[in-house]
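Peer 1: sequence and predicted model, in that order:
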Amino acid sequence: TGNQRDALLAVDRNLMCKRNLRAFVGHRFVNQVTKNLRHNLQRILGAYGIRLEYSDSDMPNAHVFDVILKRLKSADFCIFDDRCTEVRPNVFIELGAAIALDRPYFYLNHRRKAAVLIRGSKQRIEIPSDLAGMLCVPYSTYDELFFELVTKLPGFLASRKLATR
């Protein structure tokens, strides 16, 4: 939802990013995702000086996918959220491109996907089988997700040699 809550943000003060890092964020552009995801990612990643880039920000006069590829190539890592993508799964194209470009990433897998009509019956969308076992952060609520990201981010950055302790 769009409710704000006070929270304590844990930051690993021993973790030092090697340079100014940039993270590409792919998600569905609907208010319930954009408002919550962007605000909270900015708080979490901003604490480490990481700059966020989105495919819809500062869009030049170029083909959208070319812009996305350019931003993926220049990102130090990526974050992809599949919330509300049941009928518009473009985020999986971006995630596939990041995998092909060998970009480190977080795949945020929303467990409470809506049922959609497939061949005459309502079915819940599942995680694509090719992504099973990859770096995936399953979540049901954004509160749960952001707690997971706060705890996993330092190890993610250190293991990919984007930061040192």
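Peer 2: Received the coordinates, thanks.
Peer 1: who does the helix or strand of the chain with the lowest mean pLDDT touch, helix- and strand-wise?
Peer 2: Least confident helix or strand of the chain, by mean pLDDT, DSSP states H and E, is strand 115-118 with a mean of 72. Applying 3 or more Cβ pairs under 8 Å, 6 or more residues apart in numbering; DSSP states H and E, one finds that strand 115-118 contacts strand 121-124. No exception for glycine: its C-beta is placed from N, CA and C like everyone else's.
Peer 1: how close does Ala100 sit to Leu69?
Peer 2: Distance check for Ala100 against Leu69: by Cβ to Cβ, to the nearest Å, it reads 10 Å.
Peer 1: quick one: which of these two has more around it?
Peer 2: Shown here are Ala100 and Leu69; by other Cβ atoms under 10 Å, Leu69 has more neighbours (17 against 10).
Peer 1: looking at the longest helix belonging to the chain now, give me its mean pLDDT.
Peer 2: As assigned by DSSP state H, the longest helix anywhere in the chain is helix 142-159. Mean pLDDT, helix 142-159: 92.
Peer 1: with just CA atoms, put that helix into CSV.
Peer 2: Taking Å, rounded to 0.1, in the frame of the first residue of the first chain, the C-alpha atoms of helix 142-159 are listed here in CSV:
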residue,chain,number,x,y,z
TYR,A,142,7.3,-4.7,0.8
ASP,A,143,8.0,-4.6,4.5
GLU,A,144,9.3,-8.2,4.3
LEU,A,145,11.2,-7.4,1.1
PHE,A,146,13.0,-4.3,2.4
PHE,A,147,14.1,-6.1,5.6
GLU,A,148,15.6,-8.9,3.4
LEU,A,149,17.4,-6.3,1.2
VAL,A,150,18.9,-4.5,4.1
THR,A,151,20.3,-7.7,5.4
LYS,A,152,21.5,-9.2,2.1
LEU,A,153,22.9,-6.0,0.4
PRO,A,154,26.2,-5.9,2.3
GLY,A,155,27.0,-9.5,1.5
PHE,A,156,25.9,-9.1,-2.1
LEU,A,157,28.2,-6.1,-2.6
ALA,A,158,31.2,-7.7,-0.9
SER,A,159,30.8,-11.1,-2.7
